[in-house]
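In: what follows is a predicted structure for the sequence shown.
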Amino acid sequence: MSKAVRRRAFLKLAGRVVIGSIVIYGSPAFVLSKLGQAAEPQAAGANAGPPGYNPKAHQWVFIVDTARCIGCGRCVRACKEENRVPMDPRYNRTWIERYVQTADGELHVDSPAAGINGFASFEANRKYAGQDITKAFFVPKLCNQCDNPPCVQVCPVAATYRTDDGIVLVNRDKCIGCRYCIQACPYGARYLDPDEHVADKCTWCYHRISRGLLPACVEVCPVGARKFGDLRDPESEVSKIVAQLRLYVLKEDLGTRPRVRYTQLDEGVR
Amino acid sequence: MTHLARAGLLLLLVVGAAFSVRAVTSQVSIPLIGLVRADNAVHWATLQPRLGNATQCSKCHSDVDLQWSRSAHSAQTCEACHGAGDRHIAYGAIMDPAKELCTTCHEKIPGRPASFAQIVALDHFPLQACTTCHDPHAPAAVFPSIPHNIEGRQDCLACHGVKGIADFPPNHAGRPVELCLGCHRRGDRSQQ
């Protein structure tokens, strides 16, 4: 008798478990997938932008020829216009540094307003007047799109990630603005967007390269100091440069495996 | 025993539900929560470019294109000096005049490669505008034909007397600029 009651109690419980699990497992997934479907047309419309872009078919590379850069700052301005980066010189996706070695062995580094107005102003050059300069050169900088990116490793909410073509992007919806990635980047390539309070960085103009255009900074460079292309295309200029020239990367010892390659880099450049 | 089993089952259900929610949110983009990784990359890829390219500009500005495309400045795009052209192309917004000064690129400063064309602005006709001799679209120096009118050219000695540009007769040396117009007058060719 008591055995039968136990069986009944068991069946009651089992029934509750089955119905309960359907309700609990099923309904949130159902509701969320409905929400996802509602969001889909928007995503599909957006998809119309770069048709047929296959990230897996590209391996982008960026080459900076420091021997050609004249420090005019057009790349900095074009980047800000293209990507709506605040004009405030504290926020930059790309910037230019100048390295000046004087005869007394001092290495001077300057970057007035991140180089957006160039380096030709009187104020920028006053300290070098009458100095014996042994060598001087410009180094444009931008995100290195590392193959082993420290910024991606440290993000606590996985808001930043690498795409299949090797670009490190920030999911602005997920970013909580904790600045950990800004601290982690050894190249200082990230900043906190002052308007939306999320991390922002150079995307190598992902919207342009996925359409077959050049990044804005490459597009406007008057002297060809910035070169961009696809290593998967053996006929591209960058493939030939990579095959033929000696190229250097910044802070190689950190193991970040940067994908911006520099020609004629000097020891003092970090 | 049953209360323990019940609590255990409840815990199992809650954990299971949490996993099921996570499985969905990591695969489907929900505007309220955010885009998933794949859709986020598409979002970045579909932003609209603002800088176009020179072929768009030359469709209308063919006169400038003729000069520019044959000049030493043909290596750079229109938007390098004039700024992004998207609004101009989309709805005819007036372009800013070129924001860049010639010296931004061509002033001789530490760091510029020696092979690049550079001047010291204080030594290179400091009183003249660059555009007196140079057209930004075709920057090779062009000097006015002789005779030329003197309107807008107050300082004759800014060009005349400079070695190699506009030599004047030896007996003119040392004469102040005020004397020039005494003989060389506007519209009076007999005195030239």
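Out: Perfect, I can see it now. Numbers count the residues shown, from 1 in each chain, chains lettered A, B, ... in the order given.
In: who touches stretch B:81-101?
Out: By CB atoms under 8 Å, 6 or more residues apart in numbering or on different chains, the surrounding residues in contact with stretch B:81-101 are A:72, A:74, A:77-78, A:81-82, A:120, B:48-52, B:56-57, B:78-80, B:136. No exception for glycine: its C-beta is placed from N, CA and C like everyone else's.
In: and the residue of the stretch 101-250 of chain A closest to chain B?
Out: Closest approach between the stretch 101-250 of chain A and chain B, counting by CB to the nearest CB: A:Asp173, at 3.0 Å.
In: surely A:Lys141 meets A:Thr94?
Out: Yes: taking CB atoms under 8 Å as the definition, A:Lys141 is a contact partner of A:Thr94 at 6.6 Å.
In: check the gap between B:Cys159 and B:Pro170 for me.
Out: Per CB to CB, to the nearest Å, B:Cys159 is found 17 Å from B:Pro170.
In: same question for A:Arg8.
Out: A:Arg8 is 128 Å from B:Pro170, by CB to CB.
In: those two: who's more crowded?
Out: Set A:Arg8 next to B:Pro170 and count neighbours by other CB atoms under 10 Å in any protein chain shown: A:Arg8 wins out with 10 against 6.
In: can you give me the helices for chain A?
Out: Per DSSP state H, chain A has helices spanning A:2-21, A:27-47, A:74-83, A:122-125, A:150-154, A:180-184, A:206-209, A:216-220, A:237-244. These are given in chain order.
In: would you mind putting these into CSV with mean pLDDT alongside?
Out: As requested, the helices of chain A are exported to CSV (pLDDT from 0 to 100):
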stretch, mean pLDDT
helix A:2-21, 82
helix A:27-47, 54
helix A:74-83, 94
helix A:122-125, 90
helix A:150-154, 96
helix A:180-184, 96
helix A:206-209, 94
helix A:216-220, 94
helix A:237-244, 94
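In: would you list every one of the strands in chain B?
Out: Ranges of strands in chain B, per DSSP state E: none exist.
In: where along it do the helices fall?
Out: If DSSP H is used as the criterion, the helices of chain B fall at B:2-25, B:37-45, B:54-60, B:62-69, B:78-82, B:86-91, B:102-106, B:177-183.
In: just to revisit the earlier point, any chance of the helices of chain A in CSV, plus distance to chain B?
Out: Compiled in CSV, the helices of chain A are given as follows (distance: least, CB to the nearest CB, whole Å):
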stretch, distance to chain B
helix A:2-21, 6
helix A:27-47, 3
helix A:74-83, 4
helix A:122-125, 5
helix A:150-154, 11
helix A:180-184, 15
helix A:206-209, 4
helix A:216-220, 4
helix A:237-244, 14
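In: and A:Cys185, how far from B:His160?
Out: Distance, A:Cys185 to B:His160, using CB to CB: 58 Å.
In: who has more neighbours, the two?
Out: A:Cys185 (22 against 17).
In: so how far is A:Cys205 from the more buried one?
Out: 19 Å.
In: about what we covered before: how about JSON lines for the helices of chain B, with mean pLDDT, mean neighbour count and distance to A:Leu13 added?
Out: Formatted as JSON lines, the helices of chain B follow (pLDDT from 0 to 100; neighbours: other CB atoms under 10 Å in any protein chain shown; distance: least, CB to CB, whole Å):
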{"stretch": "helix B:2-25", "mean pLDDT": "89", "mean neighbour count": "13", "distance to A:Leu13": "8"}
{"stretch": "helix B:37-45", "mean pLDDT": "87", "mean neighbour count": "21", "distance to A:Leu13": "41"}
{"stretch": "helix B:54-60", "mean pLDDT": "81", "mean neighbour count": "14", "distance to A:Leu13": "72"}
{"stretch": "helix B:62-69", "mean pLDDT": "87", "mean neighbour count": "15", "distance to A:Leu13": "83"}
{"stretch": "helix B:78-82", "mean pLDDT": "86", "mean neighbour count": "23", "distance to A:Leu13": "72"}
{"stretch": "helix B:86-91", "mean pLDDT": "84", "mean neighbour count": "14", "distance to A:Leu13": "66"}
{"stretch": "helix B:102-106", "mean pLDDT": "90", "mean neighbour count": "20", "distance to A:Leu13": "80"}
{"stretch": "helix B:177-183", "mean pLDDT": "82", "mean neighbour count": "11", "distance to A:Leu13": "109"}
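In: closest one to A:Pro234 among those helices?
Out: Closest to A:Pro234 of the helices of chain B, according to CB to CB: helix B:37-45, at 24.6 Å.
In: quick one: contacts for the residue of the stretch 101-250 of chain A closest to chain B?
Out: By CB under 8 Å, 6+ apart, the contact list for A:Asp173 reads A:Ala159, B:Ile33, B:Gly34, B:Leu35, B:Asn40.
In: for the fourth one, give me phi and psi.
Out: The phi and psi torsions at B:Leu35 (degrees, to the nearest 10) take the values phi -80, psi 150.
In: quick check: pLDDT value at the nearest residue to it once chain neighbours are set aside.
Out: Nearest in space to B:Leu35, with sequence neighbours left out and distances taken as CB to CB, 6 or more residues apart in numbering or on different chains, is B:Ser29 at 4.3 Å. Note on B:Ser29: pLDDT of 76.
In: does B:Ser29 touch B:Val36 like I think?
Out: Yes: the pair formed by B:Ser29 and B:Val36 meets the contact definition of CB under 8 Å, at 5.1 Å.
In: the more surrounded of these two?
Out: Applying other CB under 10 Å to B:Ser29 and B:Val36 shows that B:Ser29 carries more neighbours, namely 22 against 19.
In: so the residue nearest to B:Leu35 versus A:Val198, what's the distance?
Out: B:Ser29 sits 17 Å away from A:Val198, going by CB to CB.
In: all strands for the stretch 151-270 of chain A, in order.
Out: Using DSSP state E, counting those that start in this stretch, the strands found in the stretch 151-270 of chain A span residues A:160-162, A:168-170, A:190-192, A:199-201, A:226-230, A:260-263.
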